[in-house]
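In: Here is a sequence together with a model predicted from it:
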Amino acid sequence: MSEVGDLIVKFQKNEHKITGLLDVDTVADLKNAIYKATSVLPERQKLLGFKIKGNQLTDDLILSSLKLKPNSKIMLIGSTEDELAKVAEPPSDIPEVINDFDIEEEEIAIESREEFLSKVERRVKEYKIKILNDPRPGKKLLVLDIDYTLFDHRSVAENVVELMRPYLHEFLASAYADYDIVIWSATGMKWIETKMKGLGVEGNPNYKISFYLDSDAMISVHTPKYGVIEVKPLGVIWGKFNQWSAKNTIMFDDIRRNFIMNPQSGLKIRPFKKAHFNRNTDTELLELAKYLTDIAELDDFTVLCHKKWERYNKHKHSKPSRSNVDKSTGEKSSEDKT
């Protein structure tokens, strides 16, 4: 019998150190210790970050079977009783401040700066990508953020799925028909993997994710107006995979500055927040799935203005027919008649 060693539990913005557990203790004992540190009742705890067969974390499991290393990090999804009481209250009328910049005036200057392009080249050379599913020939590329794009990462819930954006799996399945999908989050790789497993994205039978990118793939740029900011340059992907470029790539993010290096390729999605109040009315992914399908037939995305995606008319951008057919009558023009 020996001590498991210190465990780090990440809950919301804080990290809590759990000490004194023995290898003969159970998951129930772990949950009780977490309760003392976080005030989240054991029955309201959803613990992520364990590598176990079948992904079943039962209360009677012995901690030694989890093969935990000292300072292992565990992610806690859950709510205190006080937080659950607040969720039941009506939302405040006070508008939420959007953490974003009006970057449009600086976009052109930023994306062509030599020192920033050099940083992108270094990422192409040094950043290692773990391929989950090989890119498919002829498919366009969809790059997706996680927090506030696919998932409300600030609200509290008993289960991570409660914070998932509505129609997420339908959206990804629809997009997968025409696009290879990449997840790029401004967090660490461990948390990306944890969230994707918890949301049921990783290993989903209806679509596949090509690979994940984390904060290490981002670069810092300096803008005269806003100082140093961290951004997601698509050139990191394009430099590693020559089948993708600005012509066939689109990126969704709730923060515009993340695609300041590739402003034409970015689509600013409405952030998904306050999941408990908005999950029955949010249809953003459902509508964007249609947009992705409509533009998939185009050879060049650089002709598009993604800001106006809701007003997109696919007939305006469609390829001309090989036969000159009068759309009003369905008949060929006289020059085609024999």
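Out: Structure's in. What do you need?
In: Off-centre distance for stretch 164-179?
Out: 12 Å (CA atoms, centre = their mean, to the nearest Å).
In: Report the buried residues of it.
Out: Under the neighbour-count criterion of 16 or more other CB atoms under 10 Å, stretch 164-179 has Met164, Arg165, Pro166, Tyr167, Leu168, Phe171, Leu172, Ser174, Ala175, Tyr176, Asp178, Tyr179 buried. C-beta: built from backbone N, CA, C; applies to glycine.
In: what sits against the second one?
Out: By CB atoms under 8 Å, 6 or more residues apart in numbering, the contact set of Arg165 is Thr149, Leu150, Phe151, Asp152, Phe272, Ala275, Arg279, Asp282, Glu284, Leu285.
In: Pull the residues that contact whichever strand or helix holds His276.
Out: His276 is part of helix 275-278, with elements assigned from DSSP states H and E. For helix 275-278, contacts defined as CB under 8 Å, 6+ apart pick out Val87, Pro91, Asp152, Ser155, Ala157, Glu162, Leu163, Met164, Arg165, Phe272.
In: what's downstream of it, the next helix or strand?
Out: Sequence-wise, the next helix or strand downstream of helix 275-278 (DSSP H and E) is helix 284-295.
In: Convert that following helix to CSV, retaining C-alpha atoms only.
Out: This file holds the C-alpha atoms of helix 284-295, laid out as CSV (Å, rounded to 0.1, in the frame of the first residue of the first chain):
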residue,chain,number,x,y,z
GLU,A,284,-25.8,28.5,-36.2
LEU,A,285,-24.2,25.2,-37.1
LEU,A,286,-27.2,23.9,-38.9
GLU,A,287,-27.2,27.0,-41.1
LEU,A,288,-23.4,27.0,-41.6
ALA,A,289,-23.6,23.3,-42.7
LYS,A,290,-25.8,24.4,-45.7
TYR,A,291,-23.3,27.2,-46.5
LEU,A,292,-20.4,24.8,-46.5
THR,A,293,-22.3,22.5,-48.8
ASP,A,294,-23.2,25.3,-51.2
ILE,A,295,-19.7,26.7,-51.6
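In: which strands and helices sit next to that helix?
Out: Helix 284-295 is packed against helix 168-176, strand 249-253, helix 314-317, with contacts defined by 3 or more CB pairs under 8 Å, 6 or more residues apart in numbering; DSSP states H and E.
In: gap between the residue nearest to Ala289 when sequence neighbours are not counted and Leu168?
Out: Excluding its sequence neighbours, the residue lying closest to Ala289 (CB to CB, 6 or more residues apart in numbering) is Ser174, at 4.2 Å. As judged by CB to CB, to the nearest Å, Ser174 and Leu168 stand 11 Å apart.
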